[in-house]
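S.K.: how would this look folded up:
(2 chains)
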Number of protein chains: 2
Amino acid sequence: MTAVLSGTEVAAGIRTEVTAEAARLTAAGTPPRLAVVVATDDGSSASYVRSIARAAQRTGIACTVVDLGPDAAPEEIRAALAALSDDPAVHGIILQTPLPPDADFEDLAAAIDPAKDVDGANPLSLGRLAADLPSFPPATAEAVLVLLDAHGVPLAGARAVVVGRSNVVGKPVAQLLLARDATVTICHRHTKELADVTRTADVLVAAVGRPGLVTAEHVAEGVVVGDVGTNPTPDGGLVGDVDAASVTGRAGALTPVPGGVGPVTTALLLRHTVAAARASAGSA
Amino acid sequence: MTAVLSGTEVAAGIRTEVTAEAARLTAAGTPPRLAVVVATDDGSSASYVRSIARAAQRTGIACTVVDLGPDAAPEEIRAALAALSDDPAVHGIILQTPLPPDADFEDLAAAIDPAKDVDGANPLSLGRLAADLPSFPPATAEAVLVLLDAHGVPLAGARAVVVGRSNVVGKPVAQLLLARDATVTICHRHTKELADVTRTADVLVAAVGRPGLVTAEHVAEGVVVGDVGTNPTPDGGLVGDVDAASVTGRAGALTPVPGGVGPVTTALLLRHTVAAARASAGSA
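M.R.: The predicted structure follows:
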């Protein structure tokens, strides 16, 4: 039997907590506000931004979308991030991807005030995470850990294998697993005999963005699999990086796509925003 | 046969290059200067600082040791780092360890201007390293890579295992190996069956600070072993984390202690300092 590690209830629980905290902050004179900077006309990005804005509003967080258009110059994007960093009414800032081809994500994200960097995009946030200093981890990476914790998966001393080494997911999820005392291996396109490596895992995280990359041959009996992939299908749906049908019966547990890491990620962005608002109210 | 991957000649080559560059910078009106902030009366720390100062002076780099004493308050240390960061005559800054018990290394290192952070101690430097942005890596971590490169050890697609997860060595050496397309595993005190993991390595890096931690049972035939340990012996010598006698004949190659990573580390601190001086001259 392969257990399904749903994120739906976990996300709902976080949203309930966020709603209460947002109401408290608003009553105390600090209505929390999230800003999303967009510089693309990509359709799936637009639908993701709409879903964040909706989720924010439902929990009592105001959401400003700053749409600079797909032709925005890097300096315009940087200026928008700097202005939002200086705006005391804004508590959380997200730089949406994709960006125009001449814009470098990490370089621009350095313009986000680390105190408002609710998706852990500023390289300083990544460094603070690596150095075990307080910071907001990238929400997707943290969502994997939250989901594993919610389902009671032991991490200390576990063998964890992360497939993918992006700055937004693979590397930070590896840092978070390491901070929880897992023995962590990071794989990527240059890894030889990938299946031999992934079969050593107690916990396997797939974060590559390739549908069906992980199949039965990649998983040992009983492994817990976190699927971070969100690959659009031709019919408008989503599939993960894991071939769920293939690993089912062999893996011990699997986070579903959709309904796994995704909803928890959105809920964590909101939790980070109220935490940032609370910190700004405390320091004001 | 186990090859000895000496660092002596590699370090000498770097110092030759640094000496020429320091002379050029001095002639052009930017004499390079390194500052070391010390807040300990630890004897081996003092002898390390003396050896850095000597090496700097020999290559034509001025070296200022700011000794705040073992009772320095964290705010004094922070103020010293901030003052050196603001001083245009100083190009490289090192915060020496150990620190007084109430001082947090990463927290204080955040006061080092990243442009002068020649030992990659500021969490921003670690984040920029993780994000593949330009930064100075911690010199010890970089020394491992320089030594492997100098001896032609292939890294792309190799299985690399790092034992130790410190912010100054284990984590950054893992980042550097990952950036070179190795498949990287990070082990630590919670790792179960350590020898089973380390025996999967093509390249094994020991960075724990425990003499003789790595023995024949931990190494596969032919593995290349980088030994970052510098553990003092009762007779005033140094031994690494690897039991050299035990692995010799089985490992393919080993960096010696002393004479391996250590001299290359010092040479890289000097190389970083002239690079910082060159950048400051270019931007002045």
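
S.K.: so what's the residue of the stretch 101-250 of chain A found nearest chain B closest to, chain neighbours aside?
M.R.: Closest approach between the stretch 101-250 of chain A and chain B, counting by Cβ to the nearest Cβ: residue A:127, at 2.6 Å. All C-beta atoms are positioned from the backbone trio N, CA, C, and that covers glycine. Spatial nearest neighbour of residue A:127, excluding adjacent residues (Cβ to Cβ, 6 or more residues apart in numbering or on different chains): residue B:127 at 2.6 Å.

S.K.: Check whether the one you found really touches residue A:121, as I assumed.
M.R.: No: in this structure residue B:127 lies outside contact range of residue A:121 using Cβ atoms under 8 Å: 10.6 Å.

S.K.: that older thread, point out the other helices and strands that the helix or strand hosting the residue nearest to residue A:127 packs with.
M.R.: Using DSSP states H and E, residue B:127 sits in helix B:123-130. The contact analysis (3 or more Cβ pairs under 8 Å, 6 or more residues apart in numbering or on different chains; DSSP states H and E) places helix B:123-130 against helix A:123-130, helix B:170-179.

S.K.: tell me the most buried of these?
M.R.: helix A:123-130 (a mean of 27; mean count of other Cβ atoms under 10 Å in any protein chain shown).

S.K.: Residues in contact with it: which ones?
M.R.: Residues outside helix A:123-130 that contact it (Cβ atoms under 8 Å, 6 or more residues apart in numbering or on different chains): A:106, A:109-110, A:114, A:117, A:120, A:134-137, A:167, A:171-172, A:175-176, B:106, B:122-131, B:133, B:167, B:171.

S.K.: follow-up on the earlier one: dump the helices and strands packed on helix B:123-130 into CSV; add mean pLDDT and distance to residue B:25 as well.
M.R.: Below are these laid out as CSV (pLDDT from 0 to 100; distance: least, Cβ to Cβ, whole Å):
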stretch, mean pLDDT, distance to residue B:25
helix A:123-130, 93, 28
helix B:170-179, 97, 27
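
S.K.: Could you work out which of the ones you listed reaches nearest to residue B:142?
M.R.: Residue B:142 lies closest to helix B:170-179 among those, at 6.7 Å (Cβ to Cβ).

S.K.: Now the helix or strand that the closest one is followed by: average pLDDT?
M.R.: Remark: after helix B:170-179, the chain's next helix or strand is strand B:183-187, criterion DSSP H and E. The average pLDDT for strand B:183-187 rounds to 98.

S.K.: list the helices and strands strand B:183-187 packs on?
M.R.: Using 3+ Cβ pairs under 8 Å, 6+ apart, strand B:183-187 is in contact with strand A:183-187, strand B:159-163, helix B:170-179, helix B:194-198.

S.K.: Can you lay out those as TSV showing distance to residue B:22?
M.R.: Shown next, in TSV, are these (distance: least, Cβ to Cβ, whole Å):
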stretch	distance to residue B:22
strand A:183-187	38
strand B:159-163	33
helix B:170-179	25
helix B:194-198	40
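
S.K.: what's the burial count for the closest residue to residue A:229 other than its chain neighbours?
M.R.: Excluding its sequence neighbours, the residue lying closest to residue A:229 (Cβ to Cβ, 6+ apart) is residue A:241, at 3.1 Å. Per other Cβ atoms under 10 Å in any protein chain shown, the neighbour tally for residue A:241 reads 24.

S.K.: How about residue A:101?
M.R.: Residue A:101 - counted by other Cβ under 10 Å - has 6 other residues nearby.

S.K.: Look up how far residue A:187 lies from residue A:102.
M.R.: 31 Å (Cβ to Cβ, to the nearest Å).

S.K.: Go ahead and confirm residue A:80 touches residue A:36.
M.R.: No: applying Cβ under 8 Å, one finds residue A:80 not in contact with residue A:36, separated by 10.7 Å.

S.K.: Find residues that contact each of these two.
M.R.: With Cβ under 8 Å, 6+ apart, residue A:80 and residue A:36 have common neighbours residue A:66.

S.K.: Run through chain A and note the low-pLDDT ranges.
M.R.: A:283-284 (pLDDT under 70).

S.K.: Where is the longest helix in it?
M.R.: Using DSSP state H to define each element, chain A has its longest helix at helix A:261-283.

S.K.: Now stretch A:134-152 - C-alpha only, PDB.
M.R.: Only the C-alpha atoms of stretch A:134-152 are listed here, as PDB (Å, rounded to 0.1, in the frame of the first residue of the first chain):
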ATOM      1  CA  PRO A 134      16.500  33.000  10.900                       C
ATOM      2  CA  SER A 135      15.100  33.600   7.400                       C
ATOM      3  CA  PHE A 136      12.100  32.700   5.200                       C
ATOM      4  CA  PRO A 137      12.900  29.500   3.200                       C
ATOM      5  CA  PRO A 138      11.500  29.300  -0.300                       C
ATOM      6  CA  ALA A 139       7.900  28.300   0.300                       C
ATOM      7  CA  THR A 140       8.000  25.300  -2.000                       C
ATOM      8  CA  ALA A 141      11.000  23.800  -0.200                       C
ATOM      9  CA  GLU A 142       9.500  24.400   3.200                       C
ATOM     10  CA  ALA A 143       6.200  22.900   2.000                       C
ATOM     11  CA  VAL A 144       8.000  19.500   1.400                       C
ATOM     12  CA  LEU A 145       9.200  19.500   5.000                       C
ATOM     13  CA  VAL A 146       5.800  20.600   6.400                       C
ATOM     14  CA  LEU A 147       4.100  17.900   4.500                       C
ATOM     15  CA  LEU A 148       6.600  15.200   5.700                       C
ATOM     16  CA  ASP A 149       6.200  16.500   9.300                       C
ATOM     17  CA  ALA A 150       2.400  16.500   9.100                       C
ATOM     18  CA  HIS A 151       2.500  12.900   8.200                       C
ATOM     19  CA  GLY A 152       5.000  12.000  10.800                       C
END
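
S.K.: show me what contacts the closest residue to residue A:150 other than its chain neighbours?
M.R.: Distances taken as Cβ to Cβ, 6+ apart place residue A:10 nearest to residue A:150, at 4.6 Å, with adjacent residues excluded. Residue A:10 sits next to A:146, A:147, A:150, A:263, A:264, A:267 when contact means Cβ under 8 Å, 6+ apart.
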